[in-house]
Every structure is written in structure tokens, then in C-alpha cells.
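Novice: Dropping the sequence and predicted coords here.
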Amino acid sequence: MAQDTFAFTSSTLRSLRLQREILELEERRRALAHQYLLRRVLPAPGSSTLVQRPRYCRDPTILDALYTGDLQNIESLFKDRETANLIVETVSEELLWSTELGLWALNPKKKHTSPLRIAATKGYVDCVKHLVTQGADLNATVGGRAALHDTCASHRTECTQFLLKCGANPNVLSEDGSAPLHLCTSPETLECAQLLLEFGAKVNLTTRDRRMTPLHVAAKHGLEEHVNLYICKGANPSLRNREGETALNTACANADDPQKADKYYLVVKKLVDCGADVRMAGRKDHTPLHNACGNCHHQIVDLLLQRRAEVNALNCAGYAPLDCILQVVEDYLEWQPEKIVLALLNHGAVPVNPKVWKFCSLSPRTLEVLLNSYDRILSCEAWVEAVPPELWQEHRTFYDSALQMTNQPRQLQHLARCALRRYLGGQCHLVVPKLQLPEPLKSYLLLQIEGYIR
């Protein structure tokens, strides 16, 4: 069998030789630099003191001791303030396209950190204690972060507590303008967040660029206990980030995984209970209800509707929450989108343009609720063609009944239902359950799903 081959031209071969020479020169340069560091950083034979050292260090022996938490070696290498505050430089190779050579070339990328940051990130408490004792700068933001940022991001509670007790600034800002509290983004970081607040972290401090508060961060990641903690410490749920979103907007926008629905529901409930405005619009004029509908989160939708969310509010594109859920029905077929459509209509949502019926053609239950919100069924060409034959066969009773009722007079009972619902408007969900009527009739008035159109 013939195999694909690549014809190397003479220019390509010259480029490859040039690239190899460049790499060999770089390797020799690194070897010389390594020997230089060994002479300057490590003690001379028979000497008990360290001689003058450079600020930067790429010695693999030192890096290995730091990354493995080798306390004995660390104690012998870091004996004063100068060594404890070395800037550790690591180099990683990245493949980048070289237009000059016409091929992919390895490009060294330098990253800076500090001995204290490395030990703190790994959770080597004894190593951290030694470095701090030798004068390591607690608040130095080498490589863009301070050690406290790393201990919080990697939930190293013991290291966080030690650094704070030694005087680390709980509000120190990273290069991108984030405080340690903004890096508490997982359930495991709760204790670190508690420690930061105990030592004076500002609970309403915002990041420099996006103006995110710790409450925004906790809401974004669905961290109920963090939200409870921040609220108890005085977090303001009305603060808005640079895009105009409150923590409630953020929680509803990020609740996009139905399998994680419960934790976001608890976050939203806590924020609403603490006075968060359910009608405040954020990015692109999306209200929390727009976001919850767009993520097919019926529990949050029900909660927001109970707290008087505006059911017909329009975003910048002119879409109401009902439009948002209909546009994603096909993405959430297994998560009962019909429940959201039903709740919105019973709270006074204005029926949508029939042109959008096609979005829910693959969800018979959703389509049934939608069709029953009209006093007659208009042309159904927009959605009939979108139904796969196998789905039509599975739900033949519903689809056939809907097709037969197209442009036909509806039953007098249905027309009476439509008239009463128009009269009640957004109060259907409140008034109908209180009417002195048989339960089956109440369910009918609230658009109970029957499996066919009559």
C-alpha cells in the first residue's frame, strides 16, 4: 500500500538545518547559564555563607527542592532575605508558526514566580514557614500574583492562615486586579474565604477590569455557602459589574447545566431572600428571568415568577423570556421545557408570533401548551416540516389532532378558556386555584397537557 510522503525541497532542508542550529545554540546558552548560577547561588566548597547572588534563578536543583517540598535542601539553600526573595524563572517551549522560516518552531516562553509562591501553592507549610522566617516578602506579586492568591486558588487553608497571621495583606491585588477573595472559586475554598474575611478582606472589593465582587464570583460558580458567608459579612447584592449585572444576573446566566441545577437554585434563592432585584437587567438587557429561561431552569423560573419578575420584559433584541425558552427547546428536550412555557403563560406572558412554533416542533408537550394559548390554530406549515417521521409516529395522536384543527373553529369550551384567561391576565396562576370549580376544570383552565388538541 502506498504511503503518503513529504517532499523536502532544498529550501526546506536549509530551514530545518538552521532551526537545528538555533536550538543547539539555545541549549549551549542554557548550559552555560546553569553553570553560572551554580557558582553564584550555591555555597562554595568549604564555605558556610552564601556569596552574592543574582535576583533570577533557573537552577533545576533549586526548582526541584521547591516543587517537591524538600525542606532539608530548602533550609540549606535559602538562608537570608536575598535568597528567600529570588525570582524563579521557568521556561516552557511552545510551538509557534515562523513566517520567516516558513515552518513551526519551538519558542521559549518565560514565566516568573517566587520560592514562597511555589511552596504556598503546593501546601508545603514547613517550607513556607522557613521562607517567611528568612524574610520572604509576603505581598510580593512576582509573576502577577502574591502567595496568598495561590493558597486561596488551590485551597491551601493552613498556608493561608499562616500567611495571614504573619501579616500578609488580605486585599493584595494581582496583576489583573483580583484580590485573594476573588480566587475562592470552588467549594473547597470556603475556609480560605472565612480566614480572609476574619483578617480584614473587603467583601465588596471589585476586580479592576470587570468590576466583579466576591459575591459575583460565588454566584457565577454556584457556591451557596460562599454566598451565605459574604451576605452575612455585608456583601451588597445590588452592586453591578462592568456589564451591569448583579450577582443574581450572574447566577441565572451561569446556571446552564441542568445537572447542576440545584446548587444554582439555592444561590438564587439566597440572593432573592436578601433583597436582590429580580427585575434588574444586565448585559444586553437580559433580566434574571431571560437568563433562567435561556438555560431551561424551571425551578429558578418559578422562583423568579413568584417574586414578581416581569414576565414580558424585552431585552435589547426585543425578545421576552418566552422567546428565550422557545429558542432553546431543542437543546433541553429531556429537561421538560414545557414546564417553563406553562408557567410563563399562566403568569401573563403574551403569546408569541406563530412563526416561532417551529422551535418547539420536536417537543410535542411544549407545542401543545403553546397552541392552546391561542383561540385558533393558524397555518402550521412552519413546524410540520420540522418534525421527523419517527417522532410523528411516536406522538401521532397529538400531531394529527393539531393538523386537523388547523384553521378550524375550536370547541366552545376552549374559547371560554381563552376568554377567561385573557380577562385574568397575569393572575391566572393565583385566581384559578381559588375558583369554586372541579379540579379537572381548574387544570384545564391552566393549560393542563392532555396529549392532543381539541
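Specialist: Nice, I can see it. As the structure is a prediction and not an experimental result, all values here were calculated from the model.
Novice: Can you name the residues that contact Glu245?
Specialist: If you count contacts by C-beta atoms under 8 Å, 6 or more residues apart in numbering, Glu245 has them with 216, 253, 282-283. Bear in mind the C-beta positions are built from the backbone N, C-alpha and C, glycine included.
Novice: Burial check on Trp357, number of neighbours?
Specialist: 25 (other C-beta atoms under 10 Å).
Novice: quick revisit: list just the nearest of the contacts of Glu245 to Asp302.
Specialist: Comparing the contacts of Glu245 against Asp302 with C-beta to C-beta places Ala253 closest, at 17.7 Å.
Novice: can you count the residues close to the residue nearest to that closest one when sequence neighbours are not counted?
Specialist: Closest residue in space to Ala253, ignoring its immediate chain neighbours: Asn291 at 4.3 Å, by C-beta to C-beta, 6 or more residues apart in numbering. Residues lying near Asn291 (other C-beta under 10 Å) number 28.
Novice: Filter the contacts of Glu245 down to the buried ones, PyMOL style.
Specialist: Remark: buried members of those, expressed as a PyMOL selection using 16 or more other C-beta atoms under 10 Å:
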select buried, resi 216+253+282+283
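Novice: Could you tell me which of the contacts of Glu245 belong to helices?
Specialist: 216, 253 (DSSP state H).
Novice: Next, format the contacts of Glu245 as CSV and append pLDDT and distance to Cys159.
Specialist: Converted to CSV, those look like this (pLDDT from 0 to 100; distance: C-beta to C-beta, whole Å):
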residue, pLDDT, distance to Cys159
His216, 98, 26
Ala253, 94, 33
Gly282, 89, 36
Arg283, 87, 37
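Novice: which one of the contacts of Glu245 sits closest to Glu330?
Specialist: Distances from Glu330 to these, taken by C-beta to C-beta, are shortest for Ala253, at 20.2 Å.
Novice: Please name the residues that touch that closest one.
Specialist: Per C-beta under 8 Å, 6+ apart, neighbours of Ala253: 245, 282-283, 286, 291, 295.
Novice: nearest to Thr189, of those residues?
Specialist: The closest of the contacts of Ala253, once distances to Thr189 are taken by C-beta to C-beta, is Glu245, at 22.2 Å.
Novice: Make sure that closest one is indeed in a helix.
Specialist: No. Counting by DSSP: H, G, I helix; E, B strand; the rest coil, Glu245 is located in no helix; its state is coil.
Novice: Return the distance of it relative to Arg396.
Specialist: Here Glu245 is placed at a distance of 45 Å from Arg396 (C-beta to C-beta, to the nearest Å).
Novice: Leu446 now?
Specialist: 26 Å.
Novice: the more surrounded of the two?
Specialist: A direct count of neighbours by other C-beta under 10 Å for Leu446 and Arg396 places Leu446 higher, at 17 against 11.
Novice: hang on, that one packs against Val431?
Specialist: No. Using C-beta atoms under 8 Å, Leu446 makes no contact with Val431, being 10.4 Å away.
Novice: I'd assumed Leu116 was in contact with Leu131.
Specialist: Yes. Counting by C-beta under 8 Å, Leu131 sits close enough to Leu116 to count as a contact (4.9 Å).
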